[in-house]
Structure formats: C-alpha cells, structure tokens
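A.B. asks: Dropping a prediction and its sequence here:
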Amino acid sequence: MEIYIQRKALGRAGIIISLIMFGCGVFACSLDKFYYADKPDPVKAITDNYGPPLWVEVQQNGAEKLVYRIRDPMGGNDYRRYFIIENGKVIGGGIQ
C-alpha cells in the first residue's frame, strides 16, 4: 500500500513538472505575436504603439526584424523589444 502511494505521488509530481515546463514554454514566446496576429495591418499597429523602430534587420528568409528600445518605467535598464514580420504578419517577437 505504501509503494502505491509513493508511485501515485511521483506520478502527480511528474504531471505538475510537465505542466510547469509547458507553461514556461508558452510564456517564453512573446505574447505580442498573438496580440498583433489579428490586426489587419500589424506593422501600422506596432508603429502606432512603439513609434519608429531603432533599426530593421532583414533575415535570411526575407522576414524583417523590427527592433525597438523600451525604457523601464522604474528607472532600471532599458531593453530591446523586437518583432519579426513576414508577408505583413507578425511571426515572432521577444525581448533582447
């Protein structure tokens, strides 16, 4: 009976760890991708929110990486946010 309880606890711990890892994977990708995916003109929506980009990098596959500098409102470090645009759609993004 004690071995059954240990196995059941180990199984639950495995499920919890798997869910945590899945959650980290989902939140590691930029949620902005999902926000701007439904916009009819995502590039215009991004420039309306963030202004003109600091620079634009052209990727090997023809996509463009728009890089913006974001100021930390708490007075800490600034960081760079980027969006990857391909065929007028946001296909990725994140923080550097």
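C.D. replies: Okay, I see it.

A.B. asks: Compute the number of surrounding residues for K65.
C.D. replies: 17 (other CB atoms under 10 Å). For every residue, glycine as well, the C-beta is placed using N, CA and C.

A.B. asks: how about the strands of this protein, start to end?
C.D. replies: 55-58, 64-70, 79-86, 89-95 (DSSP state E).

A.B. asks: buried sites along the second one?
C.D. replies: Residues of strand 64-70 classed as buried: K65, L66, Y68 (neighbour count, 16 or more other CB atoms under 10 Å).

A.B. asks: ok, the second one to D41 distance?
C.D. replies: Distance check for L66 against D41: by CB to CB, to the nearest Å, it reads 14 Å.

A.B. asks: Same check on the last one?
C.D. replies: Applying CB to CB, the value for Y68 to D41 is 17 Å.

A.B. asks: got it, and the first one?
C.D. replies: Applying CB to CB, the value for K65 to D41 is 18 Å.

A.B. asks: other SSEs contacting the lowest-mean-pLDDT helix or strand in the chain?
C.D. replies: Counting by mean pLDDT, DSSP states H and E, the chain has its least confident helix or strand at helix 2-28, which shows a mean of 75. Based on contacts counted as 3 or more CB pairs under 8 Å, 6 or more residues apart in numbering; DSSP states H and E, there is no element that helix 2-28 packs against.

A.B. asks: end to end, how far does stretch 52-66 reach?
C.D. replies: Terminal residues of stretch 52-66 are spaced 9 Å apart (CA to CA, to the nearest Å).
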